[in-house]
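**Q** here is my input, please return the structure:
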Amino acid sequence: MACSRVIRASKQAKKACAREMNEINKKSDDFFQKCEQKLKAIQQQIQKEMLKVGADIDIPTSKKMTLNKIIECLSDDRE
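**A** A predicted model of the protein is given here:
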């Protein structure tokens, strides 16, 4: 009888642990999804600012314009 109680308690503990792990996984997934959304928003804002900078200093811009290319153009203009 004592063994069956221990086994039952062990199964209950495993179930509780599994529930807790599922909650933790869901929270971490939600957190990473929010981080990814924020990162995308930041990337879009940076891209917009890069395009503005390019327009302000008369640099030919495209969606693939990188910060390094803008810096190169600025360096070329100064020479």
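
**Q** where does the prediction get shaky in this protein?
**A** Applying pLDDT under 70 to the chain flags the ranges 1, 54-68, 70, 75-79.

**Q** look through it and tell me its longest helix.
**A** helix 2-56 (DSSP state H).

**Q** ok, the most centrally placed residue in the chain to Lys26 distance?
**A** Closest residue to the average C-alpha location of the chain: Glu36 at 2.7 Å, with CA atoms, centre = their mean. Using CB to CB, to the nearest Å, Glu36 is found at 16 Å from Lys26. Quick note: C-beta positions are derived from backbone N, CA and C, even for glycine.

**Q** same check, this time on Ala9
**A** Distance from Ala9 to Lys26, by CB to CB: 26 Å.

**Q** now swap in Leu51 and tell me
**A** From Leu51 across to Lys26, the span is 38 Å (CB to CB).

**Q** what about Lys48, neighbour count?
**A** Close neighbours of Lys48, defined as other CB atoms under 10 Å, add up to 10.

**Q** ok, now which ones touch Val37?
**A** No, residue 37 isn't Val; it's Gln. Shown in contact with Gln37 (CB atoms under 8 Å, 6 or more residues apart in numbering): no residues.

**Q** Leu39 and Leu51, how far apart?
**A** Distance, Leu39 to Leu51, using CB to CB: 19 Å.
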